[in-house]
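Colleague: Please find the sequence and the predicted model below.
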Amino acid sequence: MKNLKLEKAQNLEMWHIRGQAAPAAVGSLSCGAPEMFKINSFGDFGFSTSTGPTEFYLVDEKDGSVATELKAKADDADTYMFPRQDALFVLTGEGWKDMMLRVSAFNFKVADDKDFVMTNMAGVSTWFRVSDTDPNKVLFGCDPSFGHYLYETLCEVVEEVKAL
């Protein structure tokens, strides 16, 4: 676990898509519409996920092609797309799952790279997306008002674990 590294994800943006026509709009994207709490991925950390029958999240690189594609479709009636301001982080390194067990009750060892996991970590509601291109990478986010606290707390935990 000596190679663990926590970083703020600077190059990503997150979108919330809602509306009766949202399933068709997301389904027409190159990445397609995912099953509930499953991920359709593209790129390193880009993904779409369904959080309800007419509700989706999309994470893409800033000014990414999938978000741009969806923005054009969201202009149609009954599809609403608005930015989320989640604090986004990437944790890399062997043993990240063991480290996460110290701050969350969720057993990340059973997480699949197609799962969109919503859980509580260090007292903060968070969501997770395990990289499907690198099993030693995880992207996660939380409400921005808790971003600084979560980042500082996890930096301390990473340093403690690296010292073991």
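Modeller: Done, it's in.

Colleague: Run through the residues that contact Leu12.
Modeller: For Leu12, the contacting residues are Phe45, Gly46, Val59, Asp60, Glu61, Lys62, Leu88, Leu139, by CB atoms under 8 Å, 6 or more residues apart in numbering. Quick note: C-beta positions are derived from backbone N, CA and C, even for glycine.

Colleague: and if you look at Glu55?
Modeller: Contacts of Glu55 by CB under 8 Å, 6+ apart are His16, Ile17, Arg18, Ala22.

Colleague: redo that, cut-off 7 Å
Modeller: Going by CB atoms under 7 Å, 6 or more residues apart in numbering, Glu55 touches Arg18, Ala22.

Colleague: Same check on the one 4 residues further on?
Modeller: By CB under 7 Å, 6+ apart, the residues touching Val59 are Leu12, Met14, Phe45, Gly46, Phe47.

Colleague: tell me the pLDDT at the spatially closest residue to it that is not a sequence neighbour?
Modeller: In space, Val59 comes closest to Met14 once its chain neighbours are excluded; the distance is 5.0 Å by CB to CB, 6 or more residues apart in numbering. On the pLDDT scale, Met14 is placed at 93.
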